[in-house]
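no FASTA, just this:
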Ligand SMILES: Nc1nc2c(ncn2[C@@H]2O[C@H](COP(=O)(O)OP(=O)(O)OP(=O)(O)O)[C@@H](O)[C@H]2O)c(=O)[nH]1
């Protein structure tokens, strides 16, 4: 059936599909902003389109020259696409490689046209070179990435792999009786190549757009979840994620501990060293805290210099040890502002679900009370939350004491 398809109609359809995909990628690249790779893919597709056009309309230029030029352009097109994948992944750009590959293809085809005229050799060589380029692209795409980006990477990689495999089969078939006698002869192998190229064009362009779309969506999601200065969870996402952790823990009847932390006398640091140093000290503080965390722990910024830590699976005793390690670690590793040490300490309040229950706000309130107690008792210390039902009058007295001490010390 494939052999009955009209090659020039297929060629025209392929040219139209390639042109459409090139335009689609060019429009996407135009508005791509910081997204790297799309411009390469648009340019690569353009070169590929010119190559395919020349290949199926050999009368446009001298037929023999046409085949040399067409394959050079197609090799260059896939090479630039490969550069685009590397740019998308933030890898180096060996710009000269696609040019060298294209020149090599043209030189070989020139030899097998003008020195030794062998159509079979030309078919085999061009198929093998294009197959190698496609497999190089596939290799760059089979990477471990966060979902859903990995799906887009692997989907596009699978298409590149299929293209490469198809071209290898084409090279092998060129040695058999399935080989066409000329490039423009209506033949099953030629029709299959053009149909395959058409489908691959659509899938590859869609794969690249999907990769860009998923990466943008993931970046936006991350921005909406994180505090821009410290890259910890913001208050809203901390609340949402902590609530999920608490629901799961309640089902399993496992403990969860919440630690509320507040930098001591942070206003002094701002006043003495400036706001910029204050910002750097906050980032330093977060990186020191992170040294003591496991992958499942959640760290969020609750207010200016106030942070909340959720420790799933830890009871009061184990969590207090973590809190103490964080406190001591920060005291021992001050931030340096032009070789002057900027000493910083933390007050921490610890509340565990075993005593306070699994409600986020209740845990937060209890840890906040313990934090005020730490502040009132002189700062740079860890305090445990009072048992549920403790006298609220005591809590109020502690807050007043803490404020009084703060006012005296400032
Ligand atoms: N540099 C910087 N400072 C901040 C940021 N957010 C809040 N602050 C400052 O943190 C300081 C907090 O001051 P206070 O609430 O008086 O608390 P404190 O000086 O740490 O005293 P205690 O908490 O009582 O030990 C204020 O000066 C805020 O301007 C920030 O993102 N960057």
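Structure's in. What do you need? Fair warning: this is a prediction, and the values are worked out from it, not measured in the lab.

need the residues of the stretch 201-350 of the chain near the ligand, please.
Counting by CB under 6 Å from any ligand atom, the positions of the stretch 201-350 of the chain adjacent to the ligand are 229, 262-267, 270, 275, 278-279, 282, 304-305. Where C-beta positions appear, they are placed from N, C-alpha and C, glycine not excepted.

tell me the secondary structure for the residue nearest to the spatial centre of the chain?
A centroid search over the chain (CA atoms, centre = their mean) returns residue 215, at 5.7 Å, as the residue closest to the centre. Secondary structure, DSSP: H, G, I helix; E, B strand; the rest coil: residue 215 is helix.

repeat for residue 238
Per three-state DSSP, the local secondary structure of residue 238 is helix.

so how far is the ligand from the residue lying closest to it once chain neighbours are set aside?
The shortest distance from residue 238 to any non-neighbouring residue, by CB to CB, 6 or more residues apart in numbering, is to residue 300 (3.0 Å). Separation of residue 300 from the ligand (CB to the nearest ligand atom, to the nearest Å) stands at 14 Å.

Repeat that for residue 380.
Residue 380 is 9 Å from the ligand, by CB to the nearest ligand atom.

now do residue 16
Using CB to the nearest ligand atom, we find residue 16 at a distance of 56 Å from the ligand.

that older thread, are any of the residues of the stretch 201-350 of the chain next to the ligand buried, and if so which?
With neighbours counted by 16 or more other CB atoms under 10 Å, those contain buried members at 262, 263, 264, 265, 266, 270, 278, 282, 305.

In the stretch 51-200 of the chain, which residue sits closest to the ligand?
In the stretch 51-200 of the chain, the residue that lies nearest the ligand is residue 146 (28.1 Å; CB to the nearest ligand atom).

Check that residue and give its pLDDT.
We have a pLDDT of 87 for residue 146.

Name the nearest residue to it, ignoring sequence neighbours.
Excluding its sequence neighbours, the residue lying closest to residue 146 (CB to CB, 6+ apart) is residue 218, at 6.7 Å.

how about that neighbour, what does it touch?
Contact analysis of residue 218 by CB atoms under 8 Å, 6 or more residues apart in numbering lists 146, 148, 149.

Name the helix or strand for the nearest residue to residue 381 once chain neighbours are set aside, please.
The shortest distance from residue 381 to any non-neighbouring residue, by CB to CB, 6+ apart, is to residue 374 (4.8 Å). Taking DSSP states H and E as the criterion, residue 374 maps to helix 360-376.

Are there helices or strands packed against that helix, and which ones?
Judged by 3 or more CB pairs under 8 Å, 6 or more residues apart in numbering; DSSP states H and E, the packing partners of helix 360-376 are helix 235-252, strand 256-263, strand 346-352, helix 353-356, strand 382-384, helix 392-409.

So which of the contacts of residue 218 is surrounded by the most neighbours?
For the contacts of residue 218, the largest neighbour count, defined by other CB atoms under 10 Å, is 18 neighbours, found at residue 149.

Can you give me the pLDDT of that residue?
We have a pLDDT of 91 for residue 149.

Not counting its neighbours along the chain, what's nearest it?
Counting by CB to CB, 6+ apart, the residue nearest residue 149 is residue 214, at 4.7 Å.

and the one you found, how many residues sit next to it?
19.

mind listing the strands for the protein?
256-263, 298-301, 306-312, 335-337, 340-342, 346-352, 382-384 (DSSP state E).

strands paired with the fifth one, and their directions?
Meaning strand 340-342. Applying DSSP bridges to the sheet, strand 340-342 is found paired with strand 335-337 (antiparallel).

From residue 102, how far out is the residue nearest to residue 36 when sequence neighbours are not counted?
Spatially, and ignoring its direct neighbours in sequence, residue 36 is nearest to residue 87 (4.3 Å; CB to CB, 6+ apart). Distance, residue 87 to residue 102, by CB to CB, to the nearest Å: 19 Å.

Which of these two has more residues huddled nearby?
Remark: of residue 87 and residue 102, residue 102 carries more neighbours, 25 against 18, as counted by other CB under 10 Å.

for the nearest residue to residue 224 once chain neighbours are set aside, what are its contacts?
Excluding the flanking residues, the one nearest residue 224 by CB to CB, 6+ apart is residue 237, at 7.5 Å. Neighbouring residues of residue 237 by CB under 8 Å, 6+ apart: 224, 225, 226, 300.

In a markdown table: these, plus pLDDT and neighbour count.
Below are the contacts of residue 237 laid out as a markdown table (pLDDT from 0 to 100; neighbours: other CB atoms under 10 Å):
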| residue | pLDDT | neighbour count |
| --- | --- | --- |
| 224 | 94 | 10 |
| 225 | 94 | 16 |
| 226 | 95 | 16 |
| 300 | 97 | 23 |
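
State the pair within those that is farthest apart.
224 and 300 (13.6 Å; CB to CB).
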